[in-house]
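Participant: Just need the structure, nothing else, for what follows:
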Amino acid sequence: MKEIMTGLYQDHQHIGRLLTILQNKLATLELGSRPNFHLMSEVLDYLEDYGDGYHHPREDLLFSYIRHHHQDCESLVNQAANEHQELARLTRALRESVDQVLLDAPFSLQDFCKRLARYIDTQRRHLSFEEQRLFPLIEQYMSVENWQEFSDKAPYRHDPLEAENRSRDYQQLANALIEDLADG
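Facilitator: This is a model prediction of the structure:
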């Protein structure tokens, strides 16, 4: 149980750091400079692949356990599931916008900044919601049997940004993350 919850919190920390990179790029844009759109694209690819493709489905399965055994949690679990769908849509849309910029397509700086700011805010509110409202319920309601069943149904996948598991696909992103955060 502890390992699974630790993994979820670590995923949230990584996502938060990536959102900081996006926030820094937004600040660069708002100052009238051109940020590293390639890095932004890599951040969004990671959030789409790992966040929307693994982390959120894993949480959805975990949340379904507490909903199944504690119907009073249903509205919170439904909210999380809806937010996961919305975040996946927003991630795809923002990544497509960044990809268009990388192709030198014309874009409205004001609209792009609004979209990016909304994305960052939505992601941060979602992380906070889960950590404050759902994670404590998981820790309270999950039984040893539930944890074992969950582990059998949803095997753990190492975060590709973790140093010991870093994939080549995300090596550049991990290096940029370290550099970007060191620069402030």
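Participant: burial measure for the residue lying closest to Leu102 once chain neighbours are set aside, as a count.
Facilitator: In space, Leu102 comes closest to Phe37 once its chain neighbours are excluded; the distance is 5.4 Å by CB to CB, 6 or more residues apart in numbering. (C-beta placed from N, C-alpha, C; glycine too.) By other CB atoms under 10 Å, 16 other residues sit near Phe37.
Participant: can you check Leu31 too?
Facilitator: Residues near Leu31, counting by other CB under 10 Å, number 8.
Participant: Repeat that for Lys114.
Facilitator: Using other CB under 10 Å: Lys114 sits among 12 other residues.
Participant: How about Met142?
Facilitator: Look at Met142: counted by other CB under 10 Å, it has 19 neighbours.
Participant: With Leu29 instead?
Facilitator: Leu29 has 19 nearby residues by other CB under 10 Å.
Participant: What separation is there between it and Glu42?
Facilitator: Separation of Leu29 from Glu42 (CB to CB, to the nearest Å) stands at 17 Å.
Participant: Same question for Val101.
Facilitator: According to CB to CB, Val101 and Glu42 sit 14 Å apart.
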